[in-house]
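Peer 1: Fold the following, please.
(one chain, ligands or ions: 1)
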Amino acid sequence: MKTSGEAGSTGIGWRDPCCVGGRAWKRGVRKLPALALAGLSFLALSLPVGVVAAELPVVKMIATGGTIAMKIDPVKNAPVPAISGEELVATVPGIANVAKIEVLNLANVPSEYMDPVLWVKLQRAVVEALARPEVAGVIVSHGTDTLEETAYFLDLTVDSDKPIVLIGAQRNASEKDFDGPRNLLNAARICVSPDARGKGAMVALNNQINAAREVAKTHTSDVETFKSGDFGFLGSVDHDRVVFSRAPLRRQHVALTREKLPYVEIVAMYGGADGTMIRAAVAAGAKAIVVEALGWGNVNIPMYDAVREAIAKNVVVVVATRVQNGRVLPVYGNKGGGQTLKDAGAVMADNLPAHKARILAMLALQTISDPVALQKLFDR
Ligand code: ASP
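Peer 2: Below is the predicted model of the structure:
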């Protein structure tokens, strides 16, 4: 299948967007709604020579909401869900030169409303789309607040070589510098890039590509917010082509076998934590608790006591760290130190932050609960 994501084929860059297509193009622009203009103002558009629409691969765009689907409500004077997947695609007419975009409006919610029920629904839609031979990849438009959780969930549960590209926007569709259109166009270009295959779910904003397992939102408002800590970006979406500098080496597949995932809670360690929240999670029926510990994976004595109580009641305890880089390791031997938590039967979350460790635990607990088997999954 001919793809159009590579050098020189998209008609993007190297030309002043204002001049592309000449007068006819400008006349057409005048007729477009304001929203589309936001996209057109910086994205050059032209059909690549020799490429006809019929030859283009299909890219499925699954819309779930987030700032990328929001506009300012004049009464509330605040961004609220407003635009559909089709309206978002209409902000980038040039995307039609890259792929045939099919839209599915799965939800239109801020991503703080995403939950395991929606993840499962989304996963089913992604799997269905990728199973079609003519589909090159899937784009998921999503709020940025929990984007990395959804990305990791899909990375673990979708068994396909085809790319899944998650996008969002830091600026909403009412703002002059709305970043949604560029991110959407870039996502389509990644989907049709042969180099994107085998890299799983990726988060792509601000021309930068991150791997699902590593990516984190690092800034509340900057457009450069998604980063991969010590590991750095996977690649970038340049004017001429999509460039990958490395591959994510720690990907694994954990099949989604249930409609309803086990209840896993997250409890934070902090100066003076007394274990109340661990006991509350056990009482509420948690199958596992991810403790967001300190440093190498350390807690104080009251938290340690609560962890031991939980494990005695057959609740799995996973130890992650609130530190952004590095792995948790059973190093310290004082009561509550990582070594003593490990000895008490806790599972160490490697370098996964608590919210991603929770996702791996939820999926793993569908079929296994033995801490030794669980540890192997976290070590992979
Ligand atoms: N609260 C929004 C969300 O995650 C923020 C965003 O999309 O950037 O849905």
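
Peer 1: ok, Asn334 - how many residues close by?
Peer 2: Neighbourhood size, Asn334 [other Cβ atoms under 10 Å]: 12. Every residue, glycine included, has its C-beta placed from N, CA and C.

Peer 1: Identify the residues contacting it.
Peer 2: Counting by Cβ atoms under 8 Å, 6 or more residues apart in numbering, Asn334 touches Thr340.

Peer 1: All further residue positions should be reported with the first residue as 437.
Peer 2: All set: I'll call the first residue 437, so the last point we hit is now Asn770.

Peer 1: For it, what is the enclosing helix or strand?
Peer 2: Of the helices and strands defined by DSSP states H and E, none includes Asn770.

Peer 1: Number of residues surrounding the residue nearest to Pro766 when sequence neighbours are not counted?
Peer 2: Once flanking residues are discounted, Pro766 sits nearest to Lys778: 3.7 Å by Cβ to Cβ, 6 or more residues apart in numbering. Lys778 has 19 neighbours, counted by other Cβ under 10 Å.

Peer 1: Show me what the helix or strand hosting Lys778 packs onto, helices and strands only.
Peer 2: Lys778 is located in helix 774-779, with elements delineated by DSSP H and E. Packing partners of helix 774-779 (3 or more Cβ pairs under 8 Å, 6 or more residues apart in numbering; DSSP states H and E): helix 737-748, strand 752-757.

Peer 1: avg pLDDT for the shortest one?
Peer 2: So the one you mean is strand 752-757. Regarding strand 752-757, the rounded mean pLDDT is 98.

Peer 1: Also stretch 679-688?
Peer 2: For stretch 679-688, the mean confidence score works out to 98.

Peer 1: what's it in contact with?
Peer 2: Applying Cβ under 8 Å, 6+ apart, the set of residues contacting stretch 679-688 is 591-592, 631-632, 634-636, 645, 647-650, 668-673, 813, 816.

Peer 1: Show me which positions of the helix holding Lys778 end up buried.
Peer 2: Residues of helix 774-779 classed as buried by neighbour count (16 or more other Cβ atoms under 10 Å): Gly774, Gln775, Thr776, Leu777, Lys778.

Peer 1: hey, which helix is longest across this structure?
Peer 2: Counting residues, the longest helix found in the chain (DSSP state H) is helix 552-566.

Peer 1: Next, the contact list for the nearest residue to Ala652 once chain neighbours are set aside, please.
Peer 2: Distances taken as Cβ to Cβ, 6+ apart put Glu584 closest to Ala652, at 5.7 Å, once the chain neighbours are dropped. Residues in contact with Glu584 (Cβ under 8 Å, 6+ apart) are Val639, Ala648, Val651, Ala652, Lys653, Phe662, His791, Lys792.

Peer 1: Neighbour-wise, which one of the residues you listed leads?
Peer 2: Val639 (33 neighbours).

Peer 1: can you tell me the helix or strand for that one?
Peer 2: Secondary structure from DSSP H and E places Val639 in strand 637-641.

Peer 1: what's the offset of that strand from the middle of its chain?
Peer 2: Here the centre of strand 637-641 is set off from its chain's centre by 6 Å, with Cα atoms, centre = their mean, to the nearest Å.

Peer 1: coming back round to it: relative to Asp658, how far out is the residue nearest to Pro766?
Peer 2: Taking Cβ to Cβ, to the nearest Å as the measure, Lys778 falls 38 Å from Asp658.

Peer 1: Likewise for Met784?
Peer 2: Met784 is 32 Å from Asp658, by Cβ to Cβ.

Peer 1: Give me the more crowded residue out of these two.
Peer 2: Met784 (24 against 9).

Peer 1: Excluding covalently adjacent residues, which one is nearest to that one?
Peer 2: Nearest to Met784 is Val764, by Cβ to Cβ, 6+ apart, at 4.9 Å.

Peer 1: A helix includes the one you found, no?
Peer 2: No. With DSSP: H, G, I helix; E, B strand; the rest coil as the criterion, Val764 is located in coil rather than a helix.

Peer 1: I'd guessed it sits against Pro789; true?
Peer 2: No. Using Cβ atoms under 8 Å, Val764 makes no contact with Pro789, being 10.6 Å away.

Peer 1: Residues that sit against both of the two, list them.
Peer 2: Both Val764 and Pro789 are contacted by Ala756, Thr757, under the criterion Cβ under 8 Å, 6+ apart.

Peer 1: Who has more neighbours out of these two?
Peer 2: Per other Cβ under 10 Å, whichever of Val764 and Pro789 has more neighbours is Val764, with 29 against 21.

Peer 1: Quick check: which ranges of the protein have low pLDDT?
Peer 2: 437-490 (pLDDT under 70).

Peer 1: Now it against the ligand: closest residue?
Peer 2: For the chain, the residue closest to the ligand is Gly579, as judged by Cβ to the nearest ligand atom, at 1.9 Å.
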